[in-house]
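> for reference, the sequence and a predicted model appear below.
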Amino acid sequence: MKIRIKGNSLRYRLTKSEVEALGTLGFLSESSHFMSKTLEYAITTTSNGNLSADFIDNRIVLNMPKKMVEELVNTDKVGFSELSGPVSLLIEKDFTCLDNVEEDQSDNYPNPHLNS
């Protein structure tokens, strides 16, 4: 799971196995360990109707409605976006890059622009 933060914009990108795990477990979490603290970023399935996010105790949590999780898992839907107060949220499937990169992309979704 990758996150990108820019200003009041928060973007989560999930590989195929992460989308499957979110659908099965209802929760994903990763951590980045710094010298004195750890930043955790997570997604949790909720019964609410909207995407929302919060930052509490060095933890960013994206709350994703169960209906959206099911659609992400079971359809070709690429992602969802929404405003949560002042924060713009985006969650999407992670596609392979068009450029050559060194990171392992074997679990990413095929890029639809690859054969264009």
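Done, it's in. Numbering: from 1, shown residues only.

> all strands for the protein, in order.
Secondary structure of the chain (DSSP state E): strands at 2-6, 9-14, 27-33, 38-46, 52-56, 59-65, 79-84, 87-93.

> strands paired with the fifth one, and their directions?
What that stands for is strand 52-56. Strands that pair with strand 52-56, judged by DSSP bridges, come out as strand 59-65 (antiparallel).

> okay, now the closest residue in space to Glu71 that isn't next to it in sequence: neighbour count?
Nearest-residue entry for Glu71: Lys77, 5.1 Å, with adjacent residues in sequence omitted and distances by C-beta to C-beta, 6 or more residues apart in numbering. Every residue, glycine included, has its C-beta placed from N, CA and C. Applying other C-beta atoms under 10 Å, we find 13 residues neighbouring Lys77.

> below-threshold pLDDT in the chain: ranges please.
Scanning the chain for pLDDT under 70 picks out the ranges 95-116.

> and Val73, how far from Lys16?
Distance from Val73 to Lys16, counting by C-beta to C-beta, to the nearest Å: 10 Å.

> for stretch 2-17, buried residues please.
Going by neighbour count (16 or more other C-beta atoms under 10 Å), the buried part of stretch 2-17 is 3, 10-15.

> same check, this time on stretch 52-71
Buried residues in stretch 52-71, counted by 16+ other C-beta under 10 Å: 52-53, 60-65, 68-69.

> show me what contacts Thr44?
26-27, 61-64 (C-beta atoms under 8 Å, 6 or more residues apart in numbering).
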